[in-house]
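Q: got a structure for you, letters missing:
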């Protein structure tokens, strides 16, 4: 029985609770139905930490989803929260071949026709995939929001953009692991929309420094995450998932994770070379083609973003302009 893990608001108490979701039903996890070491309270973080003990118990609990037990709740009736709070968020930039090619054309990266720029950029991407390394930067957990929270568009810019992407959830400490063993360190997968303020990406006052990811990506709510975490054992191939984002019903992004320059395994391996990855950490894998920069259309008040990735549920985020205090 396939199942995922969520964090939701308890309808009775308002407290955050961990839950096992299967077939549209949710079983709240308690110390009565999930025995963790030291009687630790079930949270996604504690389940990840003690997965060796929790997995079998969750497998058995999931079998009850088809029954009529009153312990199970309807997913549609719940307020789903941010699934977990990682200690570290690593983000991979420029990791989809077609996305980088489109951006090169949009920003006129060099002389020549659009076709010449596409061909030149494609050749560069092929060399990078064969000989280069991923480009990482660090995100802040305080920017995270749930999959249904409103996105407040900061008033200091009109260039806020969407970037839906797959995120790997680290299951155990990974330090200098090889690509061949890297997926053994992945607990599961979730979905993140990496919102970006385009006109803050590059510093005009200090062009030699390059990109400014702190200002352009870490405003409150700029990392809608979830709604769920799908254990890795239910994902046959992370390089065969469909990433789709619709804006007000119109499809803007629709690409397979097969278009990644560096696979999930390669990203985990490279990211672990400099710093240990810790249980619950997120490794974002980059966003495919079809961002607002490509379409020439940024987010506006009243927009609705609907994001899906195969097996990872649905994000539904309403955008609204910031109201000045």
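A: Nice, I can see it. These numbers were taken from a predicted model, which means no experiment stands behind them. Residues are numbered from 1 along each chain as shown.

Q: Sketch out the low-pLDDT regions of the stretch 101-250 of the chain for me.
A: Scanning the stretch 101-250 of the chain for pLDDT under 70 picks out the ranges 107-110.

Q: Show me where it has its helices.
A: 114-131, 179-182, 213-217 (DSSP state H, counting those that start in this stretch).

Q: So which of those helices is nearest residue 90?
A: With Cβ to Cβ, the closest approach to residue 90 among the helices of the stretch 101-250 of the chain belongs to helix 213-217: 11.6 Å. To be clear about C-beta, it is placed using only N, CA and C from the backbone, and glycine gets the same treatment.

Q: and the closest one, what other elements does it pack with?
A: On a contact count with 3 or more Cβ pairs under 8 Å, 6 or more residues apart in numbering; DSSP states H and E, helix 213-217 meets strand 135-139, strand 196-197.

Q: out of those, deepest packed?
A: strand 196-197 (a mean of 24; mean count of other Cβ atoms under 10 Å).

Q: Can you give the strand pairings for that strand, parallel or anti for each?
A: Paired neighbours of strand 196-197 in the sheet (DSSP bridges): strand 160-161 (antiparallel).

Q: can you list contacts of the partner strand?
A: Contacts with strand 160-161, where a contact means Cβ atoms under 8 Å, 6 or more residues apart in numbering, come from 153-154, 195-198, 291-293, 298-299.

Q: if you set the cut-off to 10 Å instead, what comes out?
A: Here strand 160-161 makes contact (Cβ atoms under 10 Å, 6 or more residues apart in numbering) with 151-154, 194-201, 216, 219, 222, 287, 291-295, 297-300, 303, 319.

Q: what number of residues lie near residue 318?
A: When counting by other Cβ atoms under 10 Å, one arrives at 13 neighbours for residue 318.

Q: so which of the helices and strands packed on helix 213-217 comes closest to residue 183?
A: Between those, strand 135-139 lies closest to residue 183; by Cβ to Cβ that is 18.1 Å.

Q: from the middle of its chain, how far away would the closest one be?
A: Offset of strand 135-139 from its chain centre (Cα atoms, centre = their mean, to the nearest Å): 13 Å.

Q: got it, and stretch 210-229?
A: 10 Å.

Q: ok so, going back, mark which of the contacts of strand 160-161 are buried, thanks.
A: Using 16 or more other Cβ atoms under 10 Å as the burial test, the contacts of strand 160-161 include 151-154, 194-198, 200-201, 216, 219, 222, 287, 291-295, 298-299, 303, 319 as buried.

Q: Once you drop chain neighbours, what's closest to the residue of the chain positioned farthest from its centre?
A: Relative to the centre of the chain, and counting by Cα atoms, centre = their mean, the farthest-placed residue is residue 112 at 35.4 Å. Distance criterion Cβ to Cβ, 6 or more residues apart in numbering; nearest residue to residue 112, sequence neighbours excluded, is residue 120 at 7.2 Å.

Q: Could you tell me which residues make contact with the most centrally placed residue in the chain?
A: The residue lying closest to the centre of the chain (Cα atoms, centre = their mean) is residue 192, at 2.6 Å. Shown in contact with residue 192 (Cβ under 10 Å, 6+ apart): 89, 91, 139, 144, 147, 163-167, 223-226, 282, 284-285, 287, 307, 309, 312, 315.

Q: With residue 273 as the reference, measure out to it.
A: Separation of residue 192 from residue 273 (Cβ to Cβ, to the nearest Å) stands at 23 Å.

Q: Check residue 10 too.
A: Going from residue 10 to residue 273 by Cβ to Cβ gives 41 Å.

Q: So which of these two has more stuff around it?
A: Neighbour tally, residue 10 and residue 273, criterion other Cβ under 10 Å: the higher count belongs to residue 10, 14 against 10.

Q: okay if I get the helices and strands packed on helix 213-217 as a markdown table plus distance to residue 32?
A: Listed next are the helices and strands packed on helix 213-217 as a markdown table, based on distance: least, Cβ to Cβ, whole Å:
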| stretch | distance to residue 32 |
| --- | --- |
| strand 135-139 | 36 |
| strand 196-197 | 44 |
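
Q: List the residues that contact residue 222.
A: Applying Cβ under 10 Å, 6+ apart to residue 222 gives the contacts 139-140, 142-145, 151-152, 154, 160, 193-197, 216.
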